[in-house]
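Asks: how does the following fold in three dimensions:
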Amino acid sequence: MNNNYKELINKIIYEIFPRNYSKSGTFNDIYYDLERIKKLGADIIWFMPFYPIGEKGRKGSYGSPYSIKKFDDLSKEFGNIDQFKKIIIKANELGMKVMIDIVFNHTSNDSYLSKHHKDWFMLDNKGNFERKEPDWFDIIDLDFKNKDLWDYLINILNFWKGIGIQGFRCDVASMIPIEFWEKARNEVDPKNNMIWLAESLEPKYIVDLRRKGHEVLSDSELYKVFDLTYDYDGYQYIDEYFRGEKEIECLIDYIEIQQAIYPQKSLKMRFLENHDKPRIASIISSKEKLKNWTTFYMLLPGVPLIYAGQEIKTGLYPDLFEKSSINWDSGDYEFLNFIKRIIKISKEIKSEAKTFKIKQIKNGFVKMVWESKDVIYYIFLNLEEKYGDINLSKSYNGFDMINNENIKIQENLKIGKEPIIIKSIK
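Replies: From the prediction side, this is the model:
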């Protein structure tokens, strides 16, 4: 179970897709941007795959970074291993850890392993490569019934640990036996010093795969090994809400349910976007509404994710198969200053407070409460841009953490556009 709960509870993960991070898409560009990432408030940098990409059955012009030819090599387009080591060293000096993507469910069609260890793959009765997901035609699935494969993959983890990596984001971890993950963590990370993030799957996808006869792990099962799992079960409600299929109270109710169905000291990685999902700024056009939703997700229990570019409100869809660089010159830097402020507040609140409550008061107007022995933090959010007067049943006094001033909210509140965060001393 999670041995890093106290260390991770107030941290921020920053996701980088090297190819599209800059116009040149190199390690050097990222190296020279590390101070900016640190000032944003990031604690952990997650590098999406930078390995050589398969050519056979490639999707798009550049191919998916998750279609990997060799697990212990770097694609030359990004740079070399020494340049990557420099990133790790500098990030550590700045107080950040570096986590990399580990993709052990599958390889590219023309991978090193497919040529040297065909028996380590899922094969049909004619000896042809198979895959669990037909749409992923640029990859072939590994078969974890072969224990020699386990040893090989654990050696890969040790290789990257030796380079200086401090954490692993494990791609589609739910599709790989929990016994492998247990063995891997015990052998690679016996002192539990590393960060283990599982890409758990959306509930509907888990059900679909199980109906097809595949063994697929739930989030609860993954917590036996992993410090963090994806919040795809929560994101499902966000997706349905923005498509007009569910009301906001369904999401609020489910966040409460999560407090009961997962282990007490478990952490979700919370996100409004990632490399597989649309940019949140392309869904929420209003900056005021986006500020409220950003505050909402930053202040939920768990570890927030920022996908590079999200902090400047970019709406560019994250294309995995083509070159589509973030345009850092056209970002919204007023929003950047806002998100920096919210990150700082989030860190303070989660460092101090122990208990969390959430409820919808009226029409998308949500109240969250974080509480410790000495302090209560009240968060009021207008998630649906609905205005008017509302009765809070009591008044609130304290310090306005966003505007840095003392504040008193009357019992009868006129709902505004901006989020409100009050720090009240007991």
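Asks: my read is residue 360 is in a strand, agree?
Replies: Yes. Assessed with DSSP: H, G, I helix; E, B strand; the rest coil, residue 360 lies in a strand.
Asks: list the contacts of stretch 302-310.
Replies: For stretch 302-310, contacts defined as C-beta atoms under 8 Å, 6 or more residues apart in numbering pick out 8-9, 11-17, 21, 40, 42, 46, 228, 231, 267-275, 279-281, 297-298, 316, 318, 326, 328, 331, 339, 343, 346. (Each C-beta comes from the backbone N, C-alpha and C, glycine too.)
Asks: filter those down to the buried ones, PyMOL style.
Replies: Buried subset of the contacts of stretch 302-310, written as a PyMOL selection, criterion 16 or more other C-beta atoms under 10 Å:
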select buried, resi 8+9+11+12+13+14+15+16+17+21+40+42+46+228+231+267+268+269+270+271+272+273+274+275+279+280+281+297+298+318+326+328+339+343+346
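Asks: which of the contacts of stretch 302-310 fall in strands?
Replies: If you go by DSSP state E, the contacts of stretch 302-310 have 13, 14, 15, 16, 46, 228, 267, 268, 269, 270 in strands.
Asks: now those as TSV including pLDDT and distance to residue 113?
Replies: TSV is the format used below for the ones in strands among the contacts of stretch 302-310 (pLDDT from 0 to 100; distance: C-beta to C-beta, whole Å):
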residue	pLDDT	distance to residue 113
13	98	29
14	98	31
15	98	26
16	98	26
46	98	24
228	97	28
267	96	33
268	97	32
269	98	29
270	98	34
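Asks: thought residue 132 was touching residue 215?
Replies: No. The criterion here is C-beta atoms under 8 Å, and residue 132 misses it with residue 215 at 10.1 Å.
Asks: residue 181 and residue 226 touch, don't they?
Replies: Yes. If you go by C-beta under 8 Å, residue 181 and residue 226 touch, sitting 7.3 Å apart.
Asks: neighbour count: the two, which is higher?
Replies: Neighbours per residue (other C-beta atoms under 10 Å) separate residue 181 from residue 226, with residue 226 holding more: 27 against 21.
Asks: residues in contact with both of residue 181 and residue 226, list them for me.
Replies: Counting by C-beta under 8 Å, 6+ apart, the common neighbours of residue 181 and residue 226 are 170, 173, 198.
Asks: quick one, what contacts the last one?
Replies: Which is residue 198. 170, 173, 174, 181, 219, 222, 225, 226, 228, 229, 230.
Asks: now do it, the pLDDT please.
Replies: pLDDT, residue 198: 98.
Asks: residue ranges of the strands in the stretch 151-300 of the chain, please?
Replies: With DSSP state E, counting those that start in this stretch as the criterion, the stretch 151-300 of the chain has strands at 167-170, 195-198, 228-230, 267-270.
Asks: so which of these comes closest to residue 142?
Replies: With distances scored as C-beta to C-beta, the stretch of those nearest to residue 142 is strand 167-170 (13.3 Å).
Asks: which secondary structure elements does that closest one contact?
Replies: When contacts are defined as 3 or more C-beta pairs under 8 Å, 6 or more residues apart in numbering; DSSP states H and E, strand 167-170 sits against strand 44-47, strand 97-102, strand 195-198.
Asks: is the most centrally placed residue in the chain bridged to anything, and to what?
Replies: Centrality entry for the chain: nearest residue to the mean C-alpha point is residue 305, 4.4 Å, by C-alpha atoms, centre = their mean. On the basis of DSSP bridges, residue 305 takes part in beta bridges with residue 13.
Asks: tell me the spacing between it and residue 53.
Replies: Computed as C-beta to C-beta, to the nearest Å, the residue 305 to residue 53 distance reads 24 Å.
Asks: now residue 250
Replies: 39 Å.
Asks: comparing these two, which shows the higher neighbour count?
Replies: residue 53 (22 against 15).
Asks: list the contacts of the more buried one.
Replies: Residue 53 makes contact with 62, 63, 64, 65, 67, 68, 69, 75, 108, according to C-beta under 8 Å, 6+ apart.
Asks: repeat that with 7 Å
Replies: 63, 64, 65, 67, 68, 69, 75, 108 (C-beta atoms under 7 Å, 6 or more residues apart in numbering).
Asks: distance of the fifth one relative to residue 107?
Replies: Yep, that's residue 68 we're talking about. Plainly put, residue 68 is 6 Å away from residue 107 if you go by C-beta to C-beta.
Asks: if we can go back for a sec, quick check, pLDDT for the residue nearest to the centre of the chain.
Replies: As predicted, residue 305 sits at a pLDDT of 98.
Asks: the longest helix anywhere in the chain packs against which elements?
Replies: Longest helix of the chain, by residue count under DSSP state H: helix 333-352. If you count contacts as 3 or more C-beta pairs under 7 Å, 6 or more residues apart in numbering; DSSP states H and E, helix 333-352 packs onto helix 287-298.
Asks: which parts of the helix it packs on are buried?
Replies: 289, 290, 291, 292, 293, 294, 295, 296, 297, 298.
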